[in-house]
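Asker: No sequence on hand, only this structure:
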């Protein structure tokens, strides 16, 4: 078997269904897709059901692709996700706003959250708005100089225990979890 990176694998876990999709990056098409609908009345994020689904499909995928699946993107819909909304303000002294300054604010927000979120991991940090000298923007304008700017952030967190449990399941198939994505956030990018 080959071991290349021409494929991206996504695995959706929700209370209603499990879906595994493999995209061929070069051809920009789905080359494998399997879906399993779950009886919502009996399911409660059963990890053994996830493992059974993988067991039924991983080797089939690898055989079909003549390629190993080494990495996977998990898209998870679970009640344990929660978000924190914060605003951070920076005195900019009339200078230009650059990505280094924004990166510094994001790192500061991450560190402050880590002190309070305990057994949770930050999954997404989303900038909802920029406030530049009291003017609101959805995106950062280019070459902007200002006295003050602030960021309105949404920080989405998920249980470390569930992350470890999911990673352990995938390790059994020599697959590492590249990224965990929050389903409700990921829905904004359906085109992907």
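Answerer: All right, it came through fine. What you see is a predicted model; the values in this text were computed from it and never measured.

Asker: helices or strands up against the helix or strand where residue 51 lies?
Answerer: Using DSSP states H and E, residue 51 sits within helix 47-65. Contacts defined by 3 or more CB pairs under 8 Å, 6 or more residues apart in numbering; DSSP states H and E place helix 47-65 against strand 7-13, strand 17-24, strand 29-37, helix 160-171. Any C-beta I mention is one placed from the backbone N, CA and C, and that applies to glycine too.

Asker: relative to strand 7-13, how tilted is the next helix or strand after that helix?
Answerer: Under the assignment DSSP H and E, the closest C-terminal helix or strand after helix 47-65 is strand 71-76. Angle, strand 71-76 to strand 7-13, by axes from the mean of the first three to the mean of the last three CA atoms, to 10 degrees: 30 degrees.

Asker: and the very next helix or strand once past strand 71-76, which residues are buried?
Answerer: The element immediately downstream of strand 71-76 (helix or strand, assigned by DSSP H and E) is strand 82-91. Buried residues in strand 82-91, counted by 16 or more other CB atoms under 10 Å: 84, 88, 90.

Asker: I would like the residues contacting strand 82-91, please.
Answerer: For strand 82-91, contacts defined as CB atoms under 8 Å, 6 or more residues apart in numbering pick out 101, 105, 108-109, 112-113, 117, 120, 128, 131, 147-157.

Asker: How about stretch 13-24?
Answerer: Outside stretch 13-24, the residues that reach it (CB under 8 Å, 6+ apart) are 6-12, 29-38, 40, 43, 45, 49-50, 53-54, 57, 61, 65, 69, 74-78, 166, 183.

Asker: Would you pull up how far the helix holding residue 51 lies from the middle of the chain?
Answerer: Relative to its chain's centre, helix 47-65 lies at 21 Å (CA atoms, centre = their mean, to the nearest Å).

Asker: List the buried residues of it.
Answerer: Applying 16+ other CB under 10 Å to helix 47-65 flags 49, 50, 51, 53, 54, 57, 58, 61, 62, 65 as buried.
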